[in-house]
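# Here is my input, please return the structure:
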Amino acid sequence: MGPLVLAGPMLSNGYRALGPVDAHAPQQFQRLLNAILRGDAIEKRGGYSVFQDAGVALTGGVSVNSLYATEGTATRKIVAAANTRLFGITTAGVSSVIKSGLTTGSRFDFCEYKDAGTYRVIGYTDTGAGYAFKWDAGAGAVTDLVGPGVAAGVVMAHNGRIWVASGNTVYITEDGTVDTFEGNFVLSYDGGDGVVTKMLPLSRLRALIFTDRSLWSVTGGDPGVISGDFDINPQPVAKIGCPSRMGTVKIGEEIFFLGVQNGSYGFYMTDGVEAVKLSSAIQDDLDRINTAAVGVACAIQLDRHVLFAVPVDGATENTLCFLYHREMRGNPWTTWSLAKNPRCFARDPITGDVFHGQQDAAHVHKHTPAAYSDGGSAIDLDLITGAVALGAEALELFQLRDLEAHVDVVASGSWSAEYGRDAEAVGSFTAFTNSPFSAAASGSF
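Numbering: from 1, shown residues only. Below you'll find the model as predicted:
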């Protein structure tokens, strides 16, 4: 079966979590689950399948804690951290151990840099003793790095150097090296600078530094120990914290991230000059984020969109996803619920393929937009619109009464549709007896 597409009136309006359904306008969705917005239509999202080693879990771990897809290395691979091991996974899905003996649950930050004429992956983690490594993706094992001498968990390649952060201090290598550190600087923002959670280059001479309390724009890149001239200028952008190192996505010169301001979580976009909140319409859902586990939140570019995964309702893993449709106006949000919770994401910068690491069985999954199941589990598309009353005594009618469902039959499969009305838009529906759907709306072919 091909895609399930719903066409009907005003389907381009996105999900709005604020308030009960009877407070919504007819064109607003109170529930929009497992959907992608396509202008005047809604399509059920694609799924994923197990990517590595024909479904065999990565050995030595119960969760995949970090993922990275290489770009410049001669042999392009996926790097996966699963509990006590690092793995290299080929584009065909074959995995091999490239480092053992990690502290349980180590979560890495990665970048790439040309070292001695070869592009290498640089990885850092502050979990445990603070491991750092470089790897050319063709070798059978990584090479350990000394690092700046402190346990550091954030790394960036920028302006000819490797930048590594620990706490609110940023350490910088000598120009053209990956492990010879020549200086550092300390962020200072009204005494509340926070802990660095992510660093990303924005252009050749400008980078962004995120802390758990604030956002910075940094120009220059010479700490001055060798040249004698200190040329690094951090400037505060906003008092918005970034609670997760994996909760950021760079698309062009825009960076999307999960942020927190005055104790309230939201999704933001920044160009390094200002930060704009994008998620006001779904604030009720974001208020459900488990603050004790928000460090596991992650995000990725998916096609033209941005996918965020966060823990909600007391969960310690990412149990709910939000898809931001960058090209849509209004409230461009839908929610997704994956059959296997994603603990981390990676995007192949060449092919655009998206992968996620599973949180409970050490699998790496590859997203397959043309396949409509999560590793064999059916995907339910669920949507509820606001109500419109016709007269004071009239029953509530829903805007989707003229909905059309289109299914592209490829070979064989099954699908079913349930429909009806429910005052609170929660739980089961009451079916309309005069619905244009018939019993044939459910079945196999």
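
# Would you confirm that Phe181 contacts Val170?
No. In this structure Phe181 lies outside contact range of Val170 using C-beta atoms under 8 Å: 10.6 Å. Using the backbone N, CA and C atoms, a C-beta is placed for each residue, glycine as well.

# The two: which is more packed in?
Val170 (27 against 21; other C-beta atoms under 10 Å).

# pretty sure that one is in a strand, no?
Yes. Val170 forms part of a strand when assessed by DSSP: H, G, I helix; E, B strand; the rest coil.

# so what's it bridging to?
Ala165, Phe185 (DSSP bridges).

# From Lys134, how far off is it?
Separation of Val170 from Lys134 (C-beta to C-beta, to the nearest Å): 19 Å.

# before we move on, the earlier item: which neighbours do Phe181 and Val170 share?
Val164 (C-beta atoms under 8 Å, 6 or more residues apart in numbering).

# Ala292: neighbour count?
There are 9 residues near Ala292, going by other C-beta under 10 Å.

# cool, and Ala54?
Counted with other C-beta under 10 Å, Ala54 comes out at 8.

# ok, now which ones touch it?
So Ala54 contacts Gly93 (C-beta under 8 Å, 6+ apart).

# Can you pull the phi/psi pair for it?
phi 50, psi 40 (degrees, to the nearest 10).

# ok, now how distant is it from Pro342?
Taking C-beta to C-beta, one finds Ala54 at 21 Å from Pro342.

# remind me which residues of this structure are low pLDDT?
1-2, 7-12, 21-22, 25-27, 60-61, 189-192, 226-227, 386-445 (pLDDT under 70).

# what residue is smack in the middle of it?
Among the residues of the chain, the one closest to the centroid is Ala299, at 1.2 Å (C-alpha atoms, centre = their mean).

# Against Pro201, how distant is that one?
17 Å.

# Over to Pro332?
Per C-beta to C-beta, Pro332 is found 27 Å from Pro201.

# cool, and Phe210?
Here Phe210 is placed at a distance of 13 Å from Pro201 (C-beta to C-beta).

# Of these two, give the one with the bigger neighbour count.
Phe210 (30 against 18).

# who touches the spatially closest residue to the more buried one that is not a sequence neighbour in this structure?
Distances taken as C-beta to C-beta, 6 or more residues apart in numbering place Cys242 nearest to Phe210, at 3.6 Å, with adjacent residues excluded. By C-beta under 8 Å, 6+ apart, the residues touching Cys242 are 197-198, 210-212, 215, 248, 257-260.

# from those, which is closest to Glu317?
Among those, Leu258 lies closest to Glu317 (C-beta to C-beta), at 15.2 Å.
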